[in-house]
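> kindly return the folded structure for what I paste below:
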Amino acid sequence: MTRTEQFEEAADYFRKAAQWHAGDEQVEDKKETDEKLSKLYYNAATAYVQVGKGEEALEMYTKVLATEHGASKWAIHNSMGLLYYDLELDSDAIARFAPCLQAHTHTHTHTHTHTHKH
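Down below sits the predicted model:
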């Protein structure tokens, strides 16, 4: 099995595992399931990126953002921005980079105001 085939198989595995978790009605801990879902979708996206399947990766990243755990992850927006850029969809790329800049600005401002001594 080639490396590309291994990544494709891994991506499909993570996607299917996330779909299984998403459809499990017997879940007791919704927060834990949400976190698992975001990680499985993220892993699928990462594997799709490795084999050059940008559109599939974007679909998985979108699913990460749809989870409560993944919704605030600026790195997902950044990864999506890079993929949109590679696909020459500049306006979509810019739209994805904007939350990253806001998160960075908020973090920098928050850190700066708390570390500054008067």
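> phi first, then psi, for residue 94.
phi -60, psi -40 (degrees, to the nearest 10).
> helix, strand or coil for the residue nearest to it when sequence neighbours are not counted?
Nearest residue to residue 94, sequence neighbours excluded (Cβ to Cβ, 6 or more residues apart in numbering): residue 81, at 7.5 Å. Every C-beta, even on glycine, is put in place using the N, C-alpha and C of the backbone. Three-state assignment for residue 81 (DSSP: H, G, I helix; E, B strand; the rest coil): helix.
> got a list of what residue 81 touches?
For residue 81, the set of contacting residues under the criterion of Cβ atoms under 8 Å, 6 or more residues apart in numbering consists of 92-97, 100.
> go through those and name the one nearest residue 14.
When the contacts of residue 81 are compared for distance to residue 14 (Cβ to Cβ), residue 96 wins out at 21.4 Å.
> what helix or strand does that closest one sit in?
Residue 96 is located in helix 90-115, with elements delineated by DSSP states H and E.
> one more: residue 5?
helix 3-22.
> check which helices and strands that helix sits against.
Counting contacts by 3 or more Cβ pairs under 8 Å, 6 or more residues apart in numbering; DSSP states H and E, helix 3-22 is packed against helix 30-50, helix 54-65.
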